[in-house]
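J.: Take this sequence and fold it.
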Amino acid sequence: MAKLLLGAWPAALYLIAALGWGRILRPRFLASADATLVSATLGLAFVLTWSHVMGQLGLASGATGLIAAWAPIAAGIALLGYGVSARRQTTAKPHEPLASLEPRQRPVFELVPGIFGGAALLLAATLSPGAVWPSEFGGFDSLSYHLPLPQEWLARGRLEPLAHNTYSYLPSYLEAAFLHLLVLTNAPVSSNPASGQAAGMLAGNGWRTISCQFLHAGLGIWTAWATGRAVGVFARSLAAPGEPEDDSTGAALARSVVLCTPWTLVVGSLSYNELGVTALGAGVLCLAFDHRLDALRRGAACGVVVGVAAGVKPTAAFMLGAPAAVLLAFTTPPRMWLPLAASGTAATTVAVLPWTIRNGLACGNPVFPYATQWFGLAHWVPEQLVAYQAAHHEAGGLTHKLALALATPGNGTPRGLFHPQWATAFPLVLLGLGLCVATPRARRLGWLLVGMITTGLAAWLLLTHVQSRFLIPLVPVLATGIALGFSAGTRSWFAEGVRRVLYTAVHTALVGGLAWFLLKTPIQGALPWPTEFSGISLRPALDRALPAQRLEFFNQEIRPEWFVNLTLPSTAKVYLLGGSTPFYYQIPTVYHVAWERSRLGNAMRRTPAENEGAPEAWLADLRAEGITHILVDFVELARLLASGYSDPLVTPKAVGDWLAPRCPVVRMWGDRNSPSHVLFSIQPGPRGLAHADGDRS
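T.: All right, here's what the predicted structure looks like:
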């Protein structure tokens, strides 16, 4: 509960402000089938863009940063309050009390799955990064770039590409929102490990880290709400003239599908970016389908939202853009296709303009690491591009890709449609779409949904590495297919009593799938605050401890982050060689992700190994950068080498043969003959002496 109270408020303010900014555009979309959803989606697109531009302009530190961070939040909240007040005054009639405007009561079984899934999502978001989710290796991506990048940008006072982390060249609109939260809460820029003071997200007890996770979880709840409203728009379009269409059942089912799909829980509870795409994508469904809006306005609005979604995660350009294009094409007269495409393309271009300007100025390629054949490799060499593309795009033929997509649990952990974290989603999609297509009044819409999902799956097969998680942008459209099938379809084929039984069975399957997943998922370190994973919080107790007690503590198999943060002086600088998850280190560190050249590799190229004195020259190069220690992750080095991702010169054997005879070992983890991690000191001094940590251990 403490994590919820401390961590939720910045994320909540951010999302409330997004709703408020949408109110400005609401008058332009009053003709829409759901002006609330459309305006909220555009408001979310605006605040995400503002977060990026704010960081890009260097408004991320000091008093100016506080003003730039708080002004849009305060204005958005004020706009929402004003809009709600004005709407109540104009909606309520003198003879009609406000209570009569409240929505009708819904059956309990329709509410329970959404409440269960939403509660599980929020509770899981309180877990510290690295504590859970085997499919994500404990949140590797969060610890490698989703969280470290905002930390580094905060320290620099600006959002900018960083040559050691390829992912900083991506648009990073949601990581910019994490930076916005740091500036909003006046996070300290620098750490002081000697006094136990951490920096940025890990300051205090690390509650700002939880805030970032709550923002992503909040976008998951936003997705459920928005998908429910989009389903309402679809359902109302199926009603015969003069016939009221009850869309509440389909909307409730759509919300349940979104929140009870295990993949939503897994990614939503981490500081990832997928649910920013789904939150925007649900609004695109409504916009693209909305016959009440003229084609140009629909095209421009969809273009803006798809562009910002691609700014959140670049794969949204085709995973969301392609299904949206199908929906727009089939709901627009052919004579309007060209103006529609022109307005959408222009709007998308404007939406991604901040990113392309940033990258163009930084490296000459406005969309790096893409389109290198047209705009150049920036700081890369061709081998780096090959490694990056191999890791992010499945190279096999279509038959091979289909085999991966349809792999079943009997063939190991499936990576496609049958991944257990999709649970019952795809079987329910098949049933839902089948019911839609079999129902005369819903047939056209059913085939349209089939086309959208097929287009999304084709884009996933052809343009990605066919990993299950990359299907998440399709969640709103999948939920829509299920919801419409079991609401509109069953209405035509079954009596009311049978329909209720079917609804209950579907909700039970969704809840059961999520409950089964939770029961079998191991959770480690669930209770500690994030700062405890860094070890900084142990500093006061260790300073009071007796020497024998400190020695006993450090002789345990403690985390490398603890040892580094608690034993090395603040003047130390640690090179993470192999490892690329710097988030919990508070001593100054240097690192690089797999796609970037390592400092050691660069030194080896400047002075080839066959040259006399080459190993000492490599050490000299690193010392010249201020590096005092090297923490070698031999396990990760071996994994990267086997995958073909790492610098071919920097092998575990080459690193061991270079350091072991020349540098003292400060600490070793794992088996002595085959250690997992080794911390070397590279400071000049007598051979065999460990430097800088004797006073602590």
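
J.: which residues in the stretch 201-350 of the chain form helices?
T.: Secondary structure of the stretch 201-350 of the chain (DSSP state H, counting those that start in this stretch): helices at 207-237, 248-260, 262-268, 274-289, 295-312, 316-319, 321-330, 337-351.

J.: Save the ones you listed as TSV, and put in distance to Val38 and mean pLDDT too.
T.: C-betas here are computed from N, CA, C, even on glycine. Formatted as TSV, the helices of the stretch 201-350 of the chain follow (distance: least, C-beta to C-beta, whole Å; pLDDT from 0 to 100):
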stretch	distance to Val38	mean pLDDT
helix 207-237	10	95
helix 248-260	16	92
helix 262-268	23	96
helix 274-289	6	96
helix 295-312	7	95
helix 316-319	18	96
helix 321-330	14	95
helix 337-351	14	95
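
J.: could I get these as CSV with distance to Thr166 and mean neighbour count?
T.: Output for those, formatted as CSV (distance: least, C-beta to C-beta, whole Å; neighbours: other C-beta atoms under 10 Å):
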stretch, distance to Thr166, mean neighbour count
helix 207-237, 21, 26
helix 248-260, 31, 28
helix 262-268, 20, 26
helix 274-289, 19, 29
helix 295-312, 17, 26
helix 316-319, 18, 24
helix 321-330, 23, 22
helix 337-351, 22, 17
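
J.: Among the ones you listed, single out whichever gets nearest to Val665.
T.: Closest of the helices of the stretch 201-350 of the chain to Val665 is helix 207-237, at 31.8 Å (criterion: C-beta to C-beta).

J.: Out of the helices of the stretch 201-350 of the chain, which is closest to Leu641?
T.: Smallest distance to Leu641 across the helices of the stretch 201-350 of the chain (C-beta to C-beta): 28.4 Å, for helix 262-268.

J.: now could you export just the CA positions of that closest one as CSV?
T.: Only the C-alpha atoms of helix 262-268 are listed here, as CSV (Å, rounded to 0.1, in the frame of the first residue of the first chain):
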residue,chain,number,x,y,z
PRO,A,262,-1.3,-12.3,-19.0
TRP,A,263,0.8,-10.4,-21.5
THR,A,264,-0.9,-7.2,-20.4
LEU,A,265,0.0,-8.0,-16.8
VAL,A,266,3.6,-8.9,-17.6
VAL,A,267,4.5,-5.9,-19.7
GLY,A,268,2.1,-3.5,-18.0
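
J.: elements contacting it?
T.: helix 108-124, helix 207-237, helix 274-289, helix 496-520 (3 or more C-beta pairs under 8 Å, 6 or more residues apart in numbering; DSSP states H and E).

J.: Give me the helices and strands touching the third one, please.
T.: The criterion is 3+ C-beta pairs under 8 Å, 6+ apart, and the helices and strands that helix 274-289 contacts are helix 35-56, helix 173-184, helix 207-237, helix 262-268, helix 295-312, helix 316-319, helix 321-330, helix 475-484.

J.: Tell me how many other residues surround Asp543.
T.: 13 (other C-beta atoms under 10 Å).

J.: quick one: which helix or strand includes it?
T.: Using DSSP states H and E, Asp543 falls within helix 539-544.

J.: again with Val678
T.: Counting by DSSP H and E, Val678 is part of strand 675-681.

J.: Paired strands for that strand, with orientation please.
T.: strand 629-633 (antiparallel), strand 665-670 (antiparallel) (DSSP bridges).

J.: Mind listing what's buried along that strand?
T.: Buried residues in strand 675-681, counting neighbours by 16 or more other C-beta atoms under 10 Å, are found at Pro675, His677, Val678, Leu679, Phe680, Ser681.

J.: Okay, now the unreliable bits of the stretch 501-650 of the chain?
T.: 523-527 (pLDDT under 70).

J.: Now do the strands in it.
T.: Assigned by DSSP state E, counting those that start in this stretch, the strands in the stretch 501-650 of the chain fall at 574-577, 589-590, 629-633.

J.: Run through who's touching stretch 605-612.
T.: The contact list for stretch 605-612 (C-beta atoms under 8 Å, 6 or more residues apart in numbering) reads Gly613, Ala614, Pro615, Ala617, Trp618, Asp621, Leu649.

J.: and which of the residues you listed is nearest Gly118?
T.: Leu649 (49.5 Å).

J.: my read: the closest one touches Met604, true?
T.: Yes: look at Leu649 against Met604 with C-beta atoms under 8 Å: they come within range, at 4.9 Å.

J.: Which one of these two is surrounded by more residues?
T.: Ranked by neighbour count (other C-beta under 10 Å), Leu649 and Met604 place Met604 first, with 21 against 17.

J.: What lies in contact with stretch 569-576?
T.: Residues contacting stretch 569-576 (C-beta under 8 Å, 6+ apart): 192-194, 564, 568, 582, 585, 587-591, 599-600, 622, 625-631, 633, 679, 692.

J.: which among those end up buried?
T.: Among the contacts of stretch 569-576, those scoring as buried are 193, 564, 568, 582, 585, 587-591, 599-600, 622, 627-631, 633, 679, 692 (criterion: 16+ other C-beta under 10 Å).

J.: of the helices of the stretch 201-350 of the chain, which approaches Cys363 most closely?
T.: helix 295-312 (17.7 Å).

J.: The closest one packs against which elements?
T.: If you count contacts as 3+ C-beta pairs under 8 Å, 6+ apart, helix 295-312 packs onto helix 35-56, helix 173-184, helix 274-289, helix 316-319, helix 321-330, helix 337-351.

J.: That helix versus helix 35-56: what angle between them?
T.: 40 degrees (axes from the mean of the first three to the mean of the last three C-alpha atoms, to 10 degrees).

J.: Quick one: work out the angle between helix 295-312 and helix 207-237.
T.: Going by the same axes, to 10 degrees, helix 295-312 makes 150 degrees with helix 207-237.

J.: Only C-alpha atoms, please: export helix 295-312 in CSV.
T.: What follows is helix 295-312, C-alpha atoms only, in CSV (Å, rounded to 0.1, in the frame of the first residue of the first chain):
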residue,chain,number,x,y,z
ALA,A,295,-12.5,11.5,-44.3
LEU,A,296,-9.9,14.2,-44.1
ARG,A,297,-10.4,14.8,-40.4
ARG,A,298,-10.4,11.0,-39.7
GLY,A,299,-7.2,10.6,-41.8
ALA,A,300,-5.4,13.5,-40.1
ALA,A,301,-6.4,12.4,-36.6
CYS,A,302,-5.5,8.8,-37.2
GLY,A,303,-2.2,9.9,-38.7
VAL,A,304,-1.3,11.9,-35.6
VAL,A,305,-2.2,9.1,-33.2
VAL,A,306,-0.4,6.4,-35.2
GLY,A,307,2.7,8.7,-35.5
VAL,A,308,2.8,9.2,-31.8
ALA,A,309,2.2,5.5,-31.2
ALA,A,310,5.3,4.9,-33.5
GLY,A,311,7.1,7.4,-31.3
VAL,A,312,6.3,5.2,-28.3
